[in-house]
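Undergrad: sequence and predicted structure are below.
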Amino acid sequence: MRRADAFLALLLALAALGAAAAAHARAQARRLLPEQEARAELVRRLDLTDLCLFTEARYTRHPSQADRFAAFQDHPVALEHFPSGSLVPPRR
Amino acid sequence: MRTWLARQRSLLDFALGSLWRRKGKNLALTAVYALTVAAVASVLFFTGALRAEAARVLAGSPEVVVQRMVAGRHDLLPAGHLQALRGIRGVGEIRGRLWGYFHDPTPQANYTIQVPDRFWGEEGQAVVGQGVARARRLAPGSPLDLVAHDGSTLRLRVRELLASGSELVSADLVLISEADFRRLFGVPPGVYTDAVLTVRNPREVSTVAAKVAAALPDTRPITREELARTYESIFDWRAGLSVIVLGAAVLAFVVVAWDKASGLSAEERREIGVLKAVGWETSDVLALKAWEGAAVSLTAFGAGVLAAYAHVFLLGAPIFRPALQGWSVLYPQFRLVPEVGPYQLATLFFLSVAPYTAATVVPSWRAATVDPDAVMRS
Amino acid sequence: MSFLSLREVRKVYHQGRPDELAAVRGVSLELEEGQVIVLRGPSGSGKTSLLTLVGCMARPTSGRIFLDGREVTSLPERFLTEVRRRTFGFVFQQFHLLPGIPVLENVMLPAYPLGLPRPTLERRARELLELLRVDHRARARADWLSGGEAQRVAIARALINDPRVIVADEPTAHLDSKLALELLELVADLRRRGKTVLMASHDAVVHDAAVVDRRISLRDGRVETGAP
């Protein structure tokens, strides 16, 4: 087999895997739909406002409800001691 | 057209042969490059999926949250404020919310204690999220003792667990009745944590928010749009963690590119000279180099993107978990709905394939414009 | 009738700089097709420079070069390359085969930009290797060849685009006398096939070979004798 053809075959294989991933994404979206709807229902029922990703502090658990600049209490660019602080920029 | 194709195929063939001569170096380069692409793509996919999830969550969130501020901090909202809100034109429903944070010293975890608008349990019962259940090893029927504000013990019994599919929003929730809440935190009757209100005409949300701020100067209205903005900036891929990862990736790329740019070896230069001498045009040499760069970067791009997809959506992003989890004891277990848009793929493509190929072609440019007779005179 | 003619051709390297070097100082020549022509002269006499000018590898600083009565001196690069590819095949003194690449591929290299179908290209390359009796080395890497083999592969590469003229710079410099004689036989063979062979050499074996039709002596960038 020519090298160029082998390489094109590799690219095609990668593309096929990509297509498989896309198919998986669609199937997964369908499969997770009930969960998603249950989450949406819970959010409506409990008036939730935030994702439960970081529970270590108030301003990381509910970034949208925190005091203004809570994550940057001393100074807007003060270094944060929670790792999740690096994900939460000062609010605009 | 056929000649053009045959020509490109021959050039690609030769480019691959050239790369294969230094297969150790080039395979290692491709692998490292694929890893870099995988890291950046993982961040993009992960934050993209979370962002989409946040958008879905926020679609059901209250339109306006009204917080009372005292001395710059969030404070309890008296029931009188609810009355005042009722008088504002355009406001639909108004509900005072009761919620707060509770630090449980045993597992060293923070819970969010909340009173649902219509609690379906009884006094003395609790509905807990899966994260809380894991931390305290709870099942329906288990006792749950919490230390109240005055040092006494509030005895609760777990009524049920919230569905595990909802962990992304509910892992740390403990839902209890209003009476238990007031007893636990010592919140007197007639005050609430904050208030949520619906707006009759969705286009008037900001007007209503402005009216709220005017009517109750000690409050801060937070509109749903502001919630959305907060999450947009949290998961903005240019922010936070991704900046660090991207920064490292870009730095690594710059090192590689610099090495390539400055390191067109005497041997490579001589080879370009030979190609020119045997009848190649400058454009043929550049096409060859473009194929060399494209071969490496296309492979790295494809492999990297696929690896990132597998990492985030099949394995649940195990590499990011420690970073996201941080000091949290409760961390939700969740499966992200795959969200990969053309915008993300295009970003990755132009971040990987384009600059690498350019970094291969550009340094060859000067070498490729040498006179063909240079070889004869050497 | 001559198919290649040079009119008062001069070549100056590094013009206007302290290391300026006038390698060719006004050469006029008429070359005929189908001949074996040897340029001879001491080193530094301008042999190699003249070869590059005749072979359209470099442009003269002044003067004009005609190929089939058409001036090629002022052609833009693309056309000049095109003309060069069709008309000339080069054998370099150092061979300049690409190391690490199979012999067959080395032979095919000059034909890649033409976009010929691969099977055609491979067949032609194999035929040439056979003709030069190195076909058993087709799969070997070019840097594993002996001097004589490398020479033959270099000639095969020069012939891949079926050029009218073979230009060879000091073709015997790296060969012992037995291999040098073999090379001359090859040259005779090429001549029989109607090719023109233009060699630069200061090897007496080449000068005195019976196959040579014309000898041109150069000294200090000028033609000494043998010019028309």
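TA: Done, it's in.
Undergrad: pull out the buried residues from the worst-scoring helix or strand of chain A on mean pLDDT.
TA: In chain A, no helix or strand scores lower on mean pLDDT, DSSP states H and E than helix A:58-61, which sits at a mean of 80. Residues A:58, A:59, A:60, A:61 are the ones in helix A:58-61 that count as buried (16 or more other Cβ atoms under 10 Å in any protein chain shown). From N, CA and C alone the C-beta is placed, and that goes for glycine too.
Undergrad: can you narrow those residues to ones near chain B?
TA: A:58, A:60, A:61 (Cβ under 8 Å from any Cβ of the partner chain).
Undergrad: re earlier: tell me the one of the buried residues of helix A:58-61 nearest residue C:104?
TA: residue A:60 (64.7 Å; Cβ to Cβ).
Undergrad: neighbours of the nearest residue to that closest one once chain neighbours are set aside, just the number please.
TA: In this structure, residue A:60 finds its nearest non-sequential neighbour in residue A:54, 3.7 Å apart by Cβ to Cβ, 6 or more residues apart in numbering or on different chains. Counted with other Cβ atoms under 10 Å in any protein chain shown, the neighbours of residue A:54 add up to 27.
Undergrad: same thing with residue B:28?
TA: 11.
Undergrad: can you tell me which residues in chain C are near chain B?
TA: C:48-49, C:51-52, C:57-58, C:77-78, C:81, C:84-85, C:90, C:92-94, C:96, C:98-101, C:105, C:108-110, C:112-118, C:121, C:157, C:161, C:169.
Undergrad: strands of chain A, residue ranges please.
TA: Using DSSP state E, chain A contains no strands.
Undergrad: and for chain C?
TA: C:2-13, C:21-32, C:36-40, C:62-67, C:70-71, C:88-91, C:165-169, C:196-200, C:214-219, C:222-223.
Undergrad: now do the stretch 151-300 of chain B
TA: B:153-161, B:173-175, B:191-192, B:194-199, B:219-223 (DSSP state E, counting those that start in this stretch).
Undergrad: chain A is nearest to which of these?
TA: Taking Cβ to the nearest Cβ as the criterion, strand B:194-199 is the member of the strands of the stretch 151-300 of chain B that comes nearest to chain A, at 5.0 Å.
Undergrad: show me what contacts residue 4?
TA: Answering for chain A, as no chain was given. B:9, B:10, B:12, B:13, B:16 (Cβ atoms under 8 Å, 6 or more residues apart in numbering or on different chains).
Undergrad: sorry, I should have been clearer: chain B.
TA: Residues in contact with residue B:4 (Cβ under 8 Å, 6+ apart) are residue C:115.
Undergrad: okay, and it sits in which element?
TA: helix B:2-21 (DSSP states H and E).
Undergrad: downstream of that helix, the next helix or strand is which one?
TA: Later in the chain than helix B:2-21, the nearest helix or strand by DSSP H and E is helix B:23-59.
Undergrad: what angle do the longest helix anywhere in chain C and strand C:165-169 make?
TA: Looking across chain C with DSSP state H, the single longest helix is helix C:177-192. Interaxial angle of helix C:177-192 relative to strand C:165-169 (axes from the mean of the first three to the mean of the last three Cα atoms, to 10 degrees): 160 degrees.
Undergrad: point out the other helices and strands that helix C:177-192 packs with.
TA: strand C:36-40, helix C:147-159, strand C:196-200, helix C:204-207 (3 or more Cβ pairs under 8 Å, 6 or more residues apart in numbering or on different chains; DSSP states H and E).
Undergrad: next one, pLDDT for residue 35 please.
TA: Went with chain A since none was named. For residue A:35, the model assigns a pLDDT of 89.
Undergrad: switch to chain C, that's the one I care about
TA: So residue C:35 comes in at 93 (pLDDT).
Undergrad: doesn't residue C:215 make contact with it?
TA: No - using Cβ atoms under 8 Å, residue C:35 is not in contact with residue C:215; the gap is 10.9 Å.
Undergrad: count residues in the vicinity of residue C:66, would you?
TA: 16.
Undergrad: tell me the bridge partners for the residue lying closest to it once chain neighbours are set aside.
TA: Spatial nearest neighbour of residue C:66, excluding adjacent residues (Cβ to Cβ, 6+ apart): residue C:5 at 4.8 Å. As for beta bridges, residue C:5 partners with residue C:30, residue C:66 under DSSP bridges.
Undergrad: from chain A, how far out is residue C:5?
TA: Distance of residue C:5 to chain A, given as Cβ to the nearest Cβ, to the nearest Å: 43 Å.
Undergrad: for the one helix or strand residue B:351 maps to, which helices and strands make contact with it?
TA: For residue B:351, the enclosing helix or strand under DSSP H and E is helix B:342-368. With contacts taken as 3+ Cβ pairs under 8 Å, 6+ apart, helix B:342-368 sits against helix B:23-59, helix B:240-262, helix B:266-277, helix B:282-309.
Undergrad: right, and the ones you listed - which one's nearest residue C:203?
TA: helix B:266-277 (22.3 Å).
Undergrad: can you count the residues close to the residue of chain C found nearest chain B?
TA: With Cβ to the nearest Cβ as the measure, residue C:115 is the residue of chain C nearest to chain B, at 3.3 Å. Around residue C:115 there are 18 other residues, counting by other Cβ under 10 Å.
Undergrad: isn't residue C:224 right up against residue C:218?
TA: Yes - under the criterion of Cβ under 8 Å, residue C:224 makes contact with residue C:218 at 6.7 Å.
Undergrad: anything in contact with each of the two?
TA: Jointly contacting residue C:224 and residue C:218 under the rule Cβ under 8 Å, 6+ apart are residue C:41.
Undergrad: what's the closest of the buried residues of helix A:58-61 to chain B?
TA: Using Cβ to the nearest Cβ, those come closest to chain B at residue A:58, 5.6 Å.
Undergrad: how about the closest one: what's its closest non-neighbour residue?
TA: residue B:101 is the one closest to residue A:58 (Cβ to Cβ, 6+ apart), at 5.6 Å.
Undergrad: list phi and psi for residue B:92.
TA: The phi/psi pair for residue B:92 (degrees, to the nearest 10) reads phi -90, psi -110.
Undergrad: that one against residue B:198, yeah?
TA: Yes - at 3.9 Å, residue B:92 counts as touching residue B:198 under the criterion of Cβ under 8 Å.
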